[in-house]
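*Asks:* what's the 3D shape of this:
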Amino acid sequence: MKYIVYQTTNKINGKLYIGVHKTENPNIFDGYIGNGIYVGYKLENPKTAYQHALKKYGYNSFIRTTLKVFDTEEEAYKLEGELVTLDFIRQDNNYNIKTGGIHGCWNYKIVY
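*Replies:* As a prediction, this is how the structure comes out:
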């Protein structure tokens with residue numbers, strides 16, 4: 001298994017989402033688009049701004065890019081923590097609602 005740090009970008013408004021994903025082959029797109037969602041997943045009750053955007057714009061309006069591939073989960077979450085900081089999630093150009101890293105769940109963006 002490999003771990004990727006990826007960025008999914010909304011091609012319509014330029015907003016992005018950064019996350020970590022475990023995959024068997026990082027060179028082949030496995031359908032994972034981010035935030036627990038795979039392409040084709042029915043978004044009947046979106047729970048986050050990112051999921052709302054996927055429902056609104058459709059999967060074809062998003063593109064996932066691999067930023068870096070790692071052998072360990074710890075290395076991947078370390079990079080995610082460096083990229084998805086509290087300052088980052090406070091910006092309006094992304095869909096991330098919590099800081100990155102293994103313990104990132106302690107800092108949340110207030111979404112109105």
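
*Asks:* and the strand or helix carrying Ile89, which residues are buried?
*Replies:* Secondary-structure assignment from DSSP states H and E places Ile89 in helix 86-90. Of the residues in helix 86-90, those buried by neighbour count under the rule 16 or more other Cβ atoms under 10 Å are 88-89. Where you see a C-beta, it was placed from the backbone N, CA and C, and this is true even at glycine.

*Asks:* mind giving me the packing neighbours of the helix or strand where Glu74 lies?
*Replies:* Using DSSP H and E, Glu74 sits in helix 73-83. In terms of contacts (3 or more Cβ pairs under 8 Å, 6 or more residues apart in numbering; DSSP states H and E), helix 73-83 is packed against strand 2-10, strand 16-23, strand 62-70.

*Asks:* what sits up against it?
*Replies:* Helix 73-83 is touched from outside by 3-5, 18-20, 22, 67-68, 70, 99-102, 104, with contacts defined as Cβ atoms under 8 Å, 6 or more residues apart in numbering.

*Asks:* got any ranges where the chain has weak pLDDT?
*Replies:* Counting by pLDDT under 70, the ranges of the chain that qualify are 103-112.

*Asks:* give me the buried subset of the contacts of helix 73-83.
*Replies:* Buried subset of the contacts of helix 73-83 (neighbour count, 16+ other Cβ under 10 Å): 3-5, 18-20, 70, 99-101, 104.

*Asks:* could you dump those residues to TSV with distance to Gly36?
*Replies:* Listed next are these as TSV, based on distance: Cβ to Cβ, whole Å:
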residue	distance to Gly36
Tyr3	16
Ile4	15
Val5	16
Ile18	14
Gly19	9
Val20	12
Phe70	20
Thr99	17
Gly100	15
Gly101	17
Gly104	15
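
*Asks:* nearest to Asn45 among the residues you listed?
*Replies:* For the buried ones among the contacts of helix 73-83, the closest approach to Asn45 (Cβ to Cβ) belongs to Gly19, at 20.4 Å.

*Asks:* what angle sits between the helix holding Glu74 and strand 62-70?
*Replies:* Between helix 73-83 and strand 62-70, the angle comes out at 120 degrees (axes from the mean of the first three to the mean of the last three Cα atoms, to 10 degrees).
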